[in-house]
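**Q** starting from these lines, generate the structure:
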Amino acid sequence: MKSKLSDSQNKLWTLAQQINDCWHKGNPSELSHFFHEEVVFNSPDFVHQIKGKDNCVQTYFDFLDNSEVLLYNTNNPKVELFDSTGIIAYDFEMKYEQNDKVHHEIGTDILVFQKTENSWKVIWRGLSNLKNKTKK
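**A** Here you go, the predicted structure:
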């Protein structure tokens, strides 16, 4: 199926896919290149936040230290560009094993990027429509 994204939108979507490849393929140390120093991650209920690049990158290390990713897929990207701001929302499906249980999550990942100098950096991340089905 032919992409409906413009070249500029495709470049930002490719960047989001590179971020996902870093963490789910087990190389989270590369993530710091993609995040703004003051990036904010929101919990799925938007009650809690993690602030700062180092703290946000650490969440990936913590997850991978305690989990084995069995499946990770993304689809249906929506990419909007506004001067120096880019917003991406995409659906994801993930299965992972953690503490002898298999978790199956589906939802929407939302990333907000800011263009600084000649590069895009994630400044905000949130999850929406998150559903988790855990099996022993």
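**Q** CA only for contacts and neighbour counts going forward, please
**A** OK.
**Q** what secondary structure does residue 22 sit in?
**A** helix (DSSP: H, G, I helix; E, B strand; the rest coil).
**Q** show me the contacts for it.
**A** When contacts are counted by C-alpha atoms under 8 Å, 6 or more residues apart in numbering, residue 22 touches 28, 29, 30, 31.
**Q** any idea how far residue 31 is from it?
**A** Plainly put, residue 22 is 6 Å away from residue 31 if you go by C-alpha to C-alpha, to the nearest Å.
**Q** repeat for residue 121
**A** According to C-alpha to C-alpha, residue 121 stands 10 Å off from residue 31.
**Q** next one: residue 76
**A** Using C-alpha to C-alpha, residue 76 is found at 23 Å from residue 31.
**Q** show me which of those two is the more surrounded one.
**A** It is residue 31, of residue 76 and residue 31, that has more neighbours when counted by other C-alpha atoms under 10 Å, with 20 against 10.
**Q** that one contacts residue 23, correct?
**A** Yes - at 7.4 Å, residue 31 counts as touching residue 23 under the criterion of C-alpha atoms under 8 Å.
**Q** shaky segments in the protein?
**A** Residue ranges of the chain with pLDDT under 70: 1-3, 136.
**Q** please, where are all the helices along it?
**A** For the chain, helices defined by DSSP state H occupy the ranges 7-24, 53-66.
**Q** now tabulate these in CSV and tack on distance to residue 36.
**A** As requested, those are exported to CSV (distance: least, C-alpha to C-alpha, whole Å):
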stretch, distance to residue 36
helix 7-24, 13
helix 53-66, 6
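**Q** any idea which of those helices gets closest to residue 91?
**A** Nearest to residue 91, of all the helices of the chain, is helix 7-24, at 12.2 Å by C-alpha to C-alpha.
**Q** so how far is that closest one off the chain centroid?
**A** Computed by C-alpha atoms, centre = their mean, to the nearest Å, the chain-centroid distance of helix 7-24 equals 9 Å.
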